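Trainee: one predicted model, sequence on top.
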Amino acid sequence: VAEYPQWLAYEFPEEIKQKNEWLAKYRGQAQRWFLFRFKGKDADVDISGLGGEKPEFQKWQWMPMERLEETVIEWKRGVYTEALGAFKGKL
């Protein structure tokens, strides 16, 4: 449906890096954002991890785009605000 035109990035807060040893070697994360229309069933969503890897997420749920900003952790919120602002009106 839509693609955000550039990479969006956030930095990991120091207190998060101190709690997660593997995260300490990274500065943050850069992401590409895409808006897709999902035409499958809920049962088609699989977040169990690929090839036996530990899953990144424990659960998922559908929600209105307007609620996403309030549910995401504070230090990622700017990226969500930017991307979702560009996607408003596309659905």
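Mentor: Now that the structure is in, tell me what you want to look at. Numbers count the residues shown, from 1 in each chain.

Trainee: work out for me the element the nearest residue to residue 59 once chain neighbours are set aside sits within.
Mentor: By the measure of CB to CB, 6 or more residues apart in numbering, the closest residue to residue 59 outside its immediate chain neighbours is residue 47, 7.7 Å from it. C-beta here means a position set from N, CA and C on the backbone, and glycine is covered the same way. When secondary structure is defined using DSSP states H and E, no element contains residue 47, which sits outside every helix and strand.

Trainee: which stretches in this protein count as helices?
Mentor: Chain-ordered helices for the chain, with DSSP state H as the definition, fall at 14-19, 65-71, 77-87.

Trainee: centre-most residue in this protein?
Mentor: What sits nearest the mean C-alpha location of the chain, by CA atoms, centre = their mean, is residue 80, with 7.7 Å.

Trainee: follow-up on the earlier one: identify whichever of the helices of the chain lies nearest to residue 3.
Mentor: Residue 3 lies closest to helix 77-87 among these, at 9.2 Å (CB to CB).

Trainee: what sits up against that closest one?
Mentor: By CB atoms under 8 Å, 6 or more residues apart in numbering, the list of residues contacting helix 77-87 from outside reads 2, 4-5, 8-10, 31, 33, 35, 65, 68-69, 72.
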